[in-house]
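Chemist: Just to be clear, the model below is a prediction. Sequence and coordinates:
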Amino acid sequence: MNTLYLDCSMGVAGNMLTSALYELLDDSEKINFMEQMNSIGLPRTVVSVEKVKKCGICGTYIDVSVDGIKEETLFDEDKHHHHHDHKINHIDNHEHEHNHEHEHEHNHEHEHEHEHEHEHEHNHSHAYHHTSFQEIADIVKSLKVSEKIKNDVIAIYKLIAEAESKAHDICVTEVHFHEVGMLDAIADITAVCILIDKLKLEKIISSSINVGGGHVHCSHGILPVPAPATAFILKEVPIYCGDVKEELCTPTGAALLKYFVNDFADMPVMKIKKIGYGMGKKTFVYANCVRAMLGSSQQTSNIVELSCNIDDITPEKIGFAMKILFDAGALEVYTANVCMKKSRPGIVLFVMCKKEIEDKIVSLIFKHTTTIGIRRNISYRYGLIRKIENVETVFGTVRKKISEGYGVTRTKYEYDDVSKIAQEQNLSIDEVIKIIETK
């Protein structure tokens, strides 16, 4: 299985993810990608690439400039020219990528890639305006990329717009993005979508995300890290605060992971083929990068194992409960005999299920058994890749299960199919299988 693993132990931002994925391309593909990014029709935007070394590790930094101006430069100039009339809602959604030339502790009037509500007046030559989500969608639709890429970009930007609207309790139509930050983010999002499409990935796994820590100053006041929009995007995603008290995860980076990642988990057993380092510009004690590892992995998954001890239930009721749990989607349900307290014979009920239905399974165990407590463990399961083939036989179509992986191939005819034939033909199951395989 062609698998990508992302190490986000120093957070994630749009261009850092772009840079890490870029490093996974062959040399000729890198040239074609940069040519493509500078010819997709994104207005006044230039994408460039440079090599950067952090903590002795060499990686790539992909930069986006608008009208020859890097976004952090523009905002450094702009920060003294704001009037706080609170008449309109807009968002300076710039991807800082951990590269500020000033510290977060400064009392400047921008929230780094966060939202704030005030009227924005530029008193210098950079006359940039603010752009609505609909205008962004129109720009994306005009790009010279496939319809699939356009749909992905719009869906990801929608995640950001919805998060900003939730954070400030305003409609998505009221959310506006600063033009430079918007063009920068579109470039990053489009680049990641193109690269993921090029890599032909079957599965994307990410580590838990280091969001940073501390606070950032903005026009609203002092906000905690992660910023409200970032925190909203990362709901149900494992995050943590490390030693670096800076904002490490941006809304764009968070939205890209939320959209593309299949699972947030430890790195699976993989045979690594390529490694890419996407660098941020700011220097920390730790290497400021996203690491992307591309390789092959076997089919694996995390499952929840629920168990409970029961000594006061009838066999009929436990049998009924097991059927209900299987019908609800449990992967495995079984019991084991034990001797419980006061020397009472009892059973341990084991139920394995996917995380998505854990709450449902827990409720059913409490409803259909007499237990008053359930234990929970997360198990890392190795599995063979399974598929079903229809085999035409003298008895008609019979389903055949094929399981492959780890150098093993196993086949087995579907029990329901062969048992039905055995009953109809007055044969044993072994006789049915022998006839199927010889005729």
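Modeler: Looks like it arrived, so ask away.
Chemist: Pull out the buried residues from stretch 403-410.
Modeler: The neighbour-count check on stretch 403-410 (16 or more other CB atoms under 10 Å) flags Gly405 as buried. The C-beta positions use only the backbone N, C-alpha and C, and glycine is treated the same way.
Chemist: Let's see the distance spanning that stretch from one end to the other.
Modeler: The first residue of stretch 403-410 is 5 Å away from its last residue (CA to CA, to the nearest Å).
Chemist: mean confidence for that stretch?
Modeler: Taken as a whole, stretch 403-410 has a mean pLDDT of 88.
Chemist: please renumber so the chain begins at 832
Modeler: Shifting the count to begin at 832 puts that one at stretch 1234-1241.
Chemist: Distance from the chain centre to that stretch, please.
Modeler: 29 Å (CA atoms, centre = their mean, to the nearest Å).
Chemist: what's in contact with that stretch?
Modeler: Gln1129, Gln1130, Tyr1213, Gly1214, Leu1215, Ile1216, Arg1217, Ile1233, Thr1242, Lys1243 (CB atoms under 8 Å, 6 or more residues apart in numbering).
Chemist: count of residues packed around the third one?
Modeler: For Tyr1213, the count of nearby residues is 12 (other CB atoms under 10 Å).
Chemist: mind checking how far it is from Gln1129?
Modeler: 6 Å (CB to CB, to the nearest Å).
Chemist: Over to Ile1260?
Modeler: 31 Å.
Chemist: what touches both of Tyr1213 and Gln1129?
Modeler: Val1100, Tyr1237.
Chemist: and the gap between Tyr836 and Asp1158?
Modeler: From Tyr836 over to Asp1158 the distance is 35 Å, taken as CB to CB.
Chemist: quick one, which of those two is more surrounded?
Modeler: Tyr836 (22 against 9).
Chemist: Show the backbone phi and psi for that one.
Modeler: Main-chain torsions, Tyr836, degrees, to the nearest 10: phi -110, psi 130.
Chemist: Any regions of the stretch 832-981 of the chain where pLDDT drops low?
Modeler: In the predicted model, the stretch 832-981 of the chain carries pLDDT under 70 at residues 901-960.
Chemist: just the helices in it please.
Modeler: For the stretch 832-981 of the chain, the helices defined by DSSP state H, counting those that start in this stretch cover 845-853, 858-868, 902-909, 964-972, 978-999.
Chemist: Dump those to TSV, plus mean neighbour count and distance to Pro1146.
Modeler: TSV is the format used below for those (neighbours: other CB atoms under 10 Å; distance: least, CB to CB, whole Å):
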stretch	mean neighbour count	distance to Pro1146
helix 845-853	30	55
helix 858-868	14	63
helix 902-909	19	69
helix 964-972	17	59
helix 978-999	20	50
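Chemist: Surely Phe1181 and Ser1138 touch.
Modeler: Yes. At 5.0 Å, Phe1181 counts as touching Ser1138 under the criterion of CB atoms under 8 Å.
Chemist: My read is that Lys1089 contacts Ala1062, right?
Modeler: No. Counting by CB under 8 Å, Lys1089 sits too far from Ala1062 to count as a contact (12.0 Å).
Chemist: nearest spatial neighbour of Cys1002, skipping sequence neighbours?
Modeler: The shortest distance from Cys1002 to any non-neighbouring residue, by CB to CB, 6 or more residues apart in numbering, is to Ser996 (6.1 Å).
Chemist: What of Thr1202?
Modeler: Cys1139 (4.0 Å).
Chemist: what about the helix or strand hosting Met1124, distance to the chain center?
Modeler: Met1124 is located in strand 1120-1128, with elements delineated by DSSP states H and E. Distance, stretch centre to chain centre, for strand 1120-1128: 14 Å (CA atoms, centre = their mean).
Chemist: Repeat that for stretch 1159-1170.
Modeler: 32 Å.
Chemist: Which one among the contacts of stretch 1234-1241 sits at the bottom for pLDDT?
Modeler: Lowest pLDDT among those: Gln1130, 65.
Chemist: ok, Ala1096 - contacts?
Modeler: With CB under 8 Å, 6+ apart, Ala1096 has these contacts: Ile1036, Ser1038, Asn1133.
Chemist: Let me know the pLDDT of the second one.
Modeler: Looking at Ser1038, its pLDDT is 97.
Chemist: pretty sure Lys1031 is touching Leu835, no?
Modeler: No. Judged on CB under 8 Å, Lys1031 makes no contact with Leu835 at a distance of 10.3 Å.
Chemist: more neighbours, those two?
Modeler: Using other CB under 10 Å as the criterion, Lys1031 and Leu835 rank with Leu835 on top: 26 against 7.
Chemist: Tell me what the more buried one is bridged to.
Modeler: Ile1035, Leu1125 (DSSP bridges).
Chemist: Test my guess that it contacts Ile1036.
Modeler: Yes. Using CB under 8 Å, Leu835 is in contact with Ile1036, at 7.2 Å.
Chemist: ok, the closest residue to Pro1055 other than its chain neighbours - how many residues close by?
Modeler: The shortest distance from Pro1055 to any non-neighbouring residue, by CB to CB, 6+ apart, is to His1046 (5.7 Å). By other CB under 10 Å, 15 other residues sit near His1046.
Chemist: With the one 10 residues further on instead?
Modeler: Under the neighbour criterion other CB under 10 Å, Val1056 is assigned a count of 22.
Chemist: what sits against it?
Modeler: Val1042, Gly1043, Gly1044, Gly1045, His1046, Val1047, Cys1072, Lys1076, Glu1077, Glu1078, Leu1079.
Chemist: per-residue confidence for it?
Modeler: At Val1056, pLDDT is 92.
Chemist: Do you have the strands of the stretch 1082-1231 of the chain handy? List them.
Modeler: In the stretch 1082-1231 of the chain, the segments counted as strands under DSSP state E, counting those that start in this stretch are 1094-1095, 1101-1110, 1120-1128, 1131-1141, 1163-1170, 1176-1184, 1206-1213, 1216-1224, 1227-1236.
Chemist: Can I get those strands in CSV including distance to Leu856?
Modeler: Formatted as CSV, the strands of the stretch 1082-1231 of the chain follow (distance: least, CB to CB, whole Å):
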stretch, distance to Leu856
strand 1094-1095, 24
strand 1101-1110, 9
strand 1120-1128, 10
strand 1131-1141, 26
strand 1163-1170, 42
strand 1176-1184, 39
strand 1206-1213, 30
strand 1216-1224, 27
strand 1227-1236, 28
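Chemist: Of all those strands, which one comes closest to Gln1254?
Modeler: strand 1227-1236 (14.1 Å; CB to CB).
Chemist: Return the set of buried residues in that closest one.
Modeler: Quick answer for strand 1227-1236 (16+ other CB under 10 Å): Val1229, Lys1231, Gly1236.
Chemist: Beyond that strand, next helix or strand please.
Modeler: Past strand 1227-1236, the next helix or strand by DSSP H and E is strand 1239-1244.
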